[in-house]
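[1] sequence first, then the predicted structure, then my questions.
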Amino acid sequence: MQPTPDDEPRLARIGWSAPSSPQDVAPPQFLARVVAQHRAGYQLHDGEATFNAQPAAKFLRRDVDPVDRPAVGDFVVVAPASPPTIERILPRRTELKRGAAGESHRRQLIATNVDTVFVLVGLDGDFNPARIERYLLLIHGSGAVPVVVLTKADTAAGADTAAAELRQRLTDAIAVVAVNAKSAASVAPLLQWLGPGHTAVLVGSSGAGKSTLTNTLLGEARQATGAVREHDSRGRHTTTHRALILLPSGGCLIDTPGMRELKLTGDEELDEGQFADVDELAQSCRFGDCTHAGEPGCAVQAALADGRLDPARWQNYLKLRDELAAAADTLEAQLRRKSESRVLTKALNRRLGEKYGRH
Ligand SMILES: Nc1nc2c(ncn2[C@@H]2O[C@H](COP(=O)(O)OP(=O)(O)OP(=O)(O)O)[C@@H](O)[C@H]2O)c(=O)[nH]1
Ligand SMILES: [Zn+2]
C-alpha cells in the first residue's frame, strides 16, 4: 500500500517525493525519516514531530555492511512498538559518502535522499577554487545536484570577478550564486532548490556562513538558539540540534556535524562532466596510454599549442588528478599497514607459542 493522500502533505514536509515504485506500508506501520543518529539509536521525524527509534535486530548483525544500515535522510518503515522500531529502509534516491575518519578505510554514508548540495564558500579569505572543485568531486556520483554559493558578496571587493572566474572554471551545468547570506532578498535565488519535497544540505568550511544562511532561510534565528553544546562520553564537544530543518519554502535542510567535514577518500574519479572537454581530447590521442607529456600525436598538447585548451584549465586538471592519486595512495597505505599489523600479530603469537608452548 502506498502512503494515503492524507499522508502526502505531512510527508512532503520531510522531503518525501513520490517514489518511483509503490512502497508497501501496511498500517499500523508508518513512514518516517531519519533525522539524526546517536550512539543509543535514531531520531526520526514523521512530518509532525520527532521521536526516538531503535533499528530492527537485523540491522545490527555484524555481517551487515554499515551502508545498509539506516542513515540520516533515509525514509524508513516504522513499527509502532515501544520503542518504535525501524523495520525497513526505502530505496534511496541519492547517497552522499565520505572517507571514514581514523582507522577504518570504509566509506561512510553522510546522508541519503539529498537533492541539492549547497557548497558554501566565503568570498573573503576562504575563497579557494581548488577546494570548491574537491567538494564537487565528492558530490559527483552521489546523485545530488551541487550548487556553489559564494557568501559575503556584500563585503568582499571583487566579488563579481571571483564569481565570473569560478563560472569559467567550472562546467556550465553547475550553478554559481553569489549572495549576502544575511539578506532574504539576496538568497531568494536559492529557493528554486528548496521547494516542497526537496532536501538540501549545506557544506563548507567553518565560517563560510552555513548557520547564517540557515537562519535567513528560516526567517528567524533558530539555528544558533537551537544548538546546545554538550560533552559526549569522551569529553569532546558535540553540537546537538535538530538535524532536519523544515523550511517555510516547503523544502528541508539536513544539517549533521558529519556533513560539515566532507573530505576526499581516493575513491572518487575525476568528474567527467567537469572535465568533459579534456577527456574528449585525451581520447583522440594517438596512443591509448598517452601521458600527454610530449608523445607524438598527443591531442592535448596540440590543443594547448593552438589555444583550444586553456593552460590554466589543463594545470587544474593535472593538479586534481594528482590529489586524487595521493588520496588513493594514502588509502592503500592504510590498508597495507592494517594487513602488516595482522601479520606481525601472527608472528608474535607464534613466537610466544614456541616459547611458552601455547598454540
Ligand atoms: N556580511 C556578511 N557576513 C556573513 C555572510 N555570511 C556569513 N557571514 C558572517 O560570517 C560569520 C560566520 O558565519 P556562520 O554562519 O557562523 O558560519 P558557519 O559556516 O555556520 O560556521 P561554523 O558554524 O563554524 O561551521 C558570521 O559572523 C556571519 O555573520 C554574508 O553573506 N555577508
Ligand atoms: Zn595525449
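    Looks like it came in fine. In this text, all values refer to a predicted model and were calculated from it rather than measured experimentally. Residues are numbered from 1 along each chain as shown. Ligands and ions are numbered 1, 2, ... in the order given.
[2] for the residue in the stretch 51-200 of the chain positioned nearest to ligand 2, grab phi and psi.
    Nearest residue of the stretch 51-200 of the chain to ligand 2, counting by C-beta to the ion: Thr171, 21.2 Å away. No exception for glycine: its C-beta is placed from N, CA and C like everyone else's. Main-chain dihedrals, Thr171, degrees, to the nearest 10: phi -70, psi 150.
[3] wait, it sits on Ala276?
    Yes - the pair Thr171 / Ala276 is scored as a contact, 6.9 Å apart, by C-beta atoms under 8 Å.
[4] any idea how far Val25 is from the residue nearest to the spatial centre of the chain?
    In the chain, the C-alpha nearest the mean C-alpha coordinate belongs to Leu96, at 3.9 Å (C-alpha atoms, centre = their mean). Applying C-beta to C-beta, to the nearest Å, the value for Leu96 to Val25 is 25 Å.
[5] Glu165 now?
    The gap separating Glu165 from Val25 is 49 Å, by C-beta to C-beta.
[6] give me the more crowded residue out of the two.
    Val25 (19 against 14; other C-beta atoms under 10 Å).
[7] coming back round to it: so the residue nearest to the centre of the chain makes contact with Val114?
    Yes - using C-beta under 8 Å, Leu96 is in contact with Val114, at 5.7 Å.
[8] now do the shared contacts for these two.
    Common neighbours of Leu96 and Val114, using C-beta atoms under 8 Å, 6 or more residues apart in numbering, are 142, 144, 201.
[9] name the nearest of those residues relative to Asn52.
    Nearest to Asn52 out of the shared contacts of Leu96 and Val114 is Val201 (C-beta to C-beta; 22.6 Å).
[10] now do the contacts for that closest one.
    96, 111, 114, 116-118, 144, 253-255, 259.
[11] sticking with it, tell me its helix or strand.
    Element membership of Val201 [criterion: DSSP states H and E] is strand 199-203.
[12] what's downstream of that strand, the next helix or strand?
    helix 210-218.
[13] tell me what angle that next one forms with strand 199-203.
    Helix 210-218 runs at 150 degrees relative to strand 199-203, counting by axes from the mean of the first three to the mean of the last three C-alpha atoms, to 10 degrees.
[14] related to what we said a few turns ago, mean confidence for the helix or strand containing the residue nearest to the centre of the chain?
    Leu96 is part of strand 95-99 when elements are defined by DSSP H and E. Mean pLDDT, computed over strand 95-99, is 74.
[15] count the neighbours of Ala53 for me.
    For Ala53, the neighbour count with other C-beta under 10 Å is 22.
[16] likewise Asp310?
    Counted by other C-beta under 10 Å, the residues lying close to Asp310 total 14.
[17] could you do Asp124 as well?
    Neighbour tally, Asp124, other C-beta under 10 Å: 15.
[18] so it makes contact with Lys152?
    Yes - applying C-beta under 8 Å as the test, Asp124 and Lys152 come out as touching, 5.3 Å apart.
[19] wait, is Tyr317 part of a strand?
    No - the assignment for Tyr317 is helix, going by DSSP: H, G, I helix; E, B strand; the rest coil, so no strand is present there.
[20] one step back: quick one: strands adjacent to the strand holding Val201?
    Using DSSP bridges, the strands paired with strand 199-203 are strand 116-122 (parallel), strand 252-254 (parallel).
[21] mean confidence score for the last one?
    Confidence for strand 252-254, expressed as mean pLDDT, is 89.
[22] do stretch 206-225 as well
    77.
[23] repeat that for stretch 123-137.
    77.
[24] same question, stretch 288-307
    91.
[25] and the end-to-end length of that stretch?
    From its first residue to its last, stretch 288-307 covers 23 Å (C-alpha to C-alpha, to the nearest Å).
[26] which parts of that stretch are buried?
    Using 16 or more other C-beta atoms under 10 Å as the test for burial, stretch 288-307 gives 290, 292, 298-301, 303-304.
[27] likewise stretch 176-183?
    Residues 176-182 are the ones in stretch 176-183 that count as buried (16+ other C-beta under 10 Å).
[28] okay if I get those as JSON lines plus pLDDT?
    Below are those laid out as JSON lines (pLDDT from 0 to 100):
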{"residue": "Val176", "pLDDT": "94"}
{"residue": "Val177", "pLDDT": "94"}
{"residue": "Ala178", "pLDDT": "94"}
{"residue": "Val179", "pLDDT": "96"}
{"residue": "Asn180", "pLDDT": "96"}
{"residue": "Ala181", "pLDDT": "96"}
{"residue": "Lys182", "pLDDT": "95"}
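[29] for Arg39, find the nearest of the strands paired with strand 199-203.
    Distance to Arg39, taken as C-beta to C-beta, is lowest for strand 252-254 among the strands paired with strand 199-203, at 19.2 Å.
[30] that closest one vs ligand 1: in contact?
    No - Strand 252-254 does not reach ligand 1 (C-beta under 6 Å from any ligand atom); its nearest approach is 12.2 Å.
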